[in-house]
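1. Provided below are the primary sequence and the corresponding predicted coordinates.
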Amino acid sequence: MNARFDPAVNALLDAHDHPLRKEIDELRSIILGVDRSIEEGVKWNTASFRTEDWFATLNGPKHVKEPMLILHAGAKAKGIVLKDRIPDAEGLITWLGNDRALIVFRNATDITVNKNALCAIVSAWIKLIRP
C-alpha cells in the first residue's frame, strides 16, 4: 500500500468493502504521484485530493460500476474557467461545467493504459487552480 495514503481514507474504504478497491487504490497512487504537494483526505465522504484546496474526488463509498474521478476547482466556486484549457489527447474528460470535469475508466486495464494521460491532466489541473 502507498505510504502516502491517508489512513482515514483507507478506513473509509475498508468499512464499505468497496468492490472497486483495487482500481480506486491505483487511482489514488497515480494522483498522489503526480506532485509532492498533493495530499489525500476524506472530503464529501470519499477519497479526495488537495494542494491548497480540494481539486479531485474519487468514487464514494457507494458501490458504482466504474472507477470515476471528478475534477473541480475547490469546495466553493471561484469563477475559474478550466474547460478547454486542459490537455486531453486521449479524450478522457467529460466536461460538467467550466470548472468541473468527469473521467470514467472502464476497468483496471483502462486505468493502466491511460496513466500517463491522467497524470498530464492532473498536473495541468493543479497548475491552473493554484492561486
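-> All right, it came through fine.
2. give me the contact list for stretch 45-65.
-> If you take CB atoms under 8 Å, 6 or more residues apart in numbering as the criterion, stretch 45-65 is touched by 6, 9, 12-13, 15-16, 18-20, 24, 27-28, 31-32, 35, 37-44, 67-75, 122, 125-126, 129-131. Any C-beta I mention is one placed from the backbone N, CA and C, and that applies to glycine too.
3. which of those fall in strands?
-> Secondary structure assignment (DSSP state E) places 39-43, 68-72 from the contacts of stretch 45-65 within strands.
4. hang on, the earlier thing: are any of the contacts of stretch 45-65 buried, and which?
-> With neighbours counted by 16 or more other CB atoms under 10 Å, the contacts of stretch 45-65 contain buried members at 6, 9, 12-13, 18, 20, 24, 27-28, 31-32, 38, 40, 42, 67-73, 122, 125-126, 129.
5. how near is Lys83 to Arg100?
-> 9 Å (CB to CB, to the nearest Å).
6. low-confidence ranges in this protein?
-> Within the chain, the set of residues satisfying pLDDT under 70 comprises 1, 60-63, 75, 77, 131.
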